[in-house]
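Chemist: dropping the sequence and predicted coords here.
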Amino acid sequence: MKELPKTYNPGEVEDEIYRRWEASALFNPDNLEAASDRYWKAEIFSMAMPPPNATGELHIGHALFLTIQDLLARWTRMSGKKTLWLPGTDHAAIATNYVVERQIWEKEKKNRNELGREDFLKRVEEFVAGSRGKIQLQIRKMGASCDWSREKYTFSPELSLAVRTIFKKLYDDKLIYRGERIVNWCPRCETTLANDEVEYRTVNAELYYIRYPMSKQKGGLTITTTRPETMLAYTAIAVHPKDNRYQKYIGQNVMLPLINRELTIIADEQVDREFGTGVLKITPGHDHLDFEIGQRHRLPIINMFTKEGKIDVRESTDHGFEEYANLTAAEARAKVVEELKKAGCLEKVERLAHNVGFCYRCNSVVEPMVSKQWFVAVNKKIPVRKYSLKEI
């Protein structure tokens with residue numbers, strides 16, 4: 001008689017149990033159809049596994065949903081229902097993109113654009129194929145009773161086609177629509193970041209006091225900003241409607257230094273009277289608060305940066321700042337500050353500690369930018385329609 005070990009070693013027991021489970025194919029509902037007439041006529045129950053990243057590792061969130069779904073799958077199966085728990089993994093688009101790009105750069109000193117779309121996608125597939133097995137093994141370690149014969153990968157051709165098909169049908173039914181909204185944009189990854197993907201850090205910077213002359217009378221207003229380069233895209237100046245210092249200026253115009261663009265002084269309650277001089281520049285294309293104010297006052301939007309984070313050639317030509325074309329934000333800032341000094345419009349500069357957003361993946365400074373985004377029409381009455389598998 002074999003002596004029981006003093007400590008439990010799951011590797012010696014659980015792996016073999018799961019291998020027997022998987023070999024029996026009992027998690028595949030089709031293999032049980034002939035088991036009994038009762039099962040063949042049974043109610044069908046199916047659910048999809050929220051796919052973990054193919055390139056990642058399980059964390060506590062995965063352990064939670066795997067446990068809950070496994071309990072549900074086993075309970076419905078033992079209740080006599082024809083049960084399918086569909087496993088799968090996700091391609092982890094942007095995260096995978098970044099890792100593969102970094103590998104290519106380290107080995108070949110090329111970026112994805114130089115490599116070309118076809119070759120880059122091939123490298124992504126190769127990378128995922130090499131790392132996907134790790135998370136599959138971890139799901140098995142959890143004892144998940146899913147049907148591995150039906151395993152899906154979100155980037156597989158049939159699922160990609162299904163996504164595009166349903167997306168088109170939702171658009172045709174006017175349940176989704178496209179519109180402009182300001183987003184967190186990473187110029188290095190060239191992608192939008194969710195709010196929780198932006199890491200804010202306290203950075204020591206400069207606060208610039210810039211004098212704007214009135215366009216049709218003497219005097220002017222002084223605004224404060226940490227980003228003087230974005231003045232190229234200003235479309236208004238705002239003050240608080242209850243700020244006695246500036247009420248008489250509301251509705252009048254100032255001239256934008258360096259560009260000589262006329263800007264209207266508007267009143268908005270979101271202006272912080274206590275910050276700086278209490279006069280706010282409005283750059284709807286490159287600031288979240290300014291975008292909201294711009295929408296309320298129907299201000300034009302100048303999107304001065306390209307997706308790579310450089311000043312757009314076309315926008316600079318259309319709006320009179322072509323001498324700054326193709327400069328990065330840092331380069332444009334230095335040039336603008338120098339020109340403001342020469343023009344006598346820079347009153348002073350103060351040191352300021354403030355929060356700046358960084359991309360959590362590549363550590364680049366995030367640029368607020370207006371882009372077209374998809375929205376769900378939440379107020380629209382949903383048509384009674386069922387999408388069949390044959391349509392997909």
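Modeler: All right, it came through fine.
Chemist: how about stretch 144-160: buried residues?
Modeler: 144, 145, 146, 147, 150, 151, 152, 153, 154, 155, 159 (16 or more other CB atoms under 10 Å). Glycine gets a C-beta too; all of them are placed from N, C-alpha and C.
Chemist: now, which of those residues lie within strands?
Modeler: 152, 153 (DSSP state E).
Chemist: residue nearest the centroid of the chain?
Modeler: Compute the mean C-alpha point of the chain, and by CA atoms, centre = their mean the closest residue is residue 193, 2.7 Å away.
Chemist: separation between it and residue 44?
Modeler: 40 Å (CB to CB, to the nearest Å).
Chemist: also residue 339?
Modeler: Applying CB to CB, the value for residue 339 to residue 44 is 71 Å.
Chemist: and the two? which has more neighbours close in?
Modeler: residue 339 (16 against 10; other CB atoms under 10 Å).
Chemist: phi, psi of the closest residue to that one other than its chain neighbours?
Modeler: Spatial nearest neighbour of residue 339, excluding adjacent residues (CB to CB, 6 or more residues apart in numbering): residue 258 at 5.4 Å. Phi and psi for residue 258, reported as degrees, to the nearest 10, are phi 80, psi -40.
Chemist: the one 4 residues further on too?
Modeler: Backbone torsions for residue 262, taken as degrees, to the nearest 10, come to phi -80, psi 130.
Chemist: quick check: bridge partners of the nearest residue to it once chain neighbours are set aside?
Modeler: Leaving out its chain neighbours, the residue that sits closest to residue 262 by CB to CB, 6+ apart is residue 253, at 4.9 Å. Residue 253 has these beta-bridge partners by DSSP bridges: residue 264.
Chemist: so how far is residue 242 from residue 253?
Modeler: For residue 253 relative to residue 242 (CB to CB), the value is 21 Å.
Chemist: quick one, helices of this protein?
Modeler: 10-24, 37-40, 60-78, 93-108, 112-115, 117-141, 157-172, 288-297, 313-318, 329-343 (DSSP state H).
Chemist: contacts for the fourth one, please.
Modeler: What it means is helix 93-108. Residues from elsewhere that reach helix 93-108 (CB atoms under 8 Å, 6 or more residues apart in numbering): 53-56, 110-112, 115, 120, 123-124, 127-128, 189, 191, 361-362.
Chemist: which among the residues you listed count as buried?
Modeler: 53-56, 112, 115, 120, 124, 127-128, 189, 191, 361.
Chemist: export those residues to JSON lines and tack on pLDDT and distance to residue 76?
Modeler: Below are those laid out as JSON lines (pLDDT from 0 to 100; distance: CB to CB, whole Å):
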{"residue": "53", "pLDDT": "83", "distance to residue 76": "27"}
{"residue": "54", "pLDDT": "77", "distance to residue 76": "27"}
{"residue": "55", "pLDDT": "75", "distance to residue 76": "31"}
{"residue": "56", "pLDDT": "74", "distance to residue 76": "28"}
{"residue": "112", "pLDDT": "79", "distance to residue 76": "44"}
{"residue": "115", "pLDDT": "81", "distance to residue 76": "47"}
{"residue": "120", "pLDDT": "84", "distance to residue 76": "42"}
{"residue": "124", "pLDDT": "81", "distance to residue 76": "36"}
{"residue": "127", "pLDDT": "81", "distance to residue 76": "36"}
{"residue": "128", "pLDDT": "80", "distance to residue 76": "31"}
{"residue": "189", "pLDDT": "83", "distance to residue 76": "41"}
{"residue": "191", "pLDDT": "84", "distance to residue 76": "39"}
{"residue": "361", "pLDDT": "81", "distance to residue 76": "39"}
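Chemist: from those, which two are the most distant?
Modeler: Of all pairs drawn from these, the greatest distance, 23.7 Å, lies between 56 and 115 (CB to CB).
Chemist: least confident secondary structure element in the protein?
Modeler: Every helix and strand of the chain was ranked by mean pLDDT, DSSP states H and E. The lowest is helix 37-40, at a mean of 57.
Chemist: low-confidence ranges in the stretch 101-250 of the chain?
Modeler: Within the stretch 101-250 of the chain, no range satisfies pLDDT under 70.
Chemist: how about a cut-off of 80?
Modeler: Counting by pLDDT under 80, the ranges of the stretch 101-250 of the chain that qualify are 111-113, 125, 129-132.
Chemist: do the stretch 251-392 of the chain as well
Modeler: Using pLDDT under 80, the stretch 251-392 of the chain drops low at 379-392.
Chemist: pull the longest strand belonging to the chain out as CSV, backbone CA atoms only.
Modeler: In the chain, taking DSSP E as the definition, the longest strand is strand 198-213. The C-alpha coordinates for strand 198-213 follow below in CSV (Å, rounded to 0.1, in the frame of the first residue of the first chain):
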residue,chain,number,x,y,z
VAL,A,198,-3.4,57.3,-18.6
GLU,A,199,-1.0,57.6,-15.8
TYR,A,200,-0.9,61.0,-14.2
ARG,A,201,2.4,62.2,-12.6
THR,A,202,3.4,65.5,-11.0
VAL,A,203,5.8,67.3,-13.3
ASN,A,204,7.7,70.5,-12.7
ALA,A,205,6.9,72.9,-15.5
GLU,A,206,6.6,76.5,-16.4
LEU,A,207,3.5,78.7,-16.2
TYR,A,208,3.6,81.3,-19.0
TYR,A,209,1.9,84.7,-18.7
ILE,A,210,1.0,85.9,-22.2
ARG,A,211,-0.4,89.4,-23.1
TYR,A,212,-3.1,89.5,-25.7
PRO,A,213,-3.8,93.0,-27.1
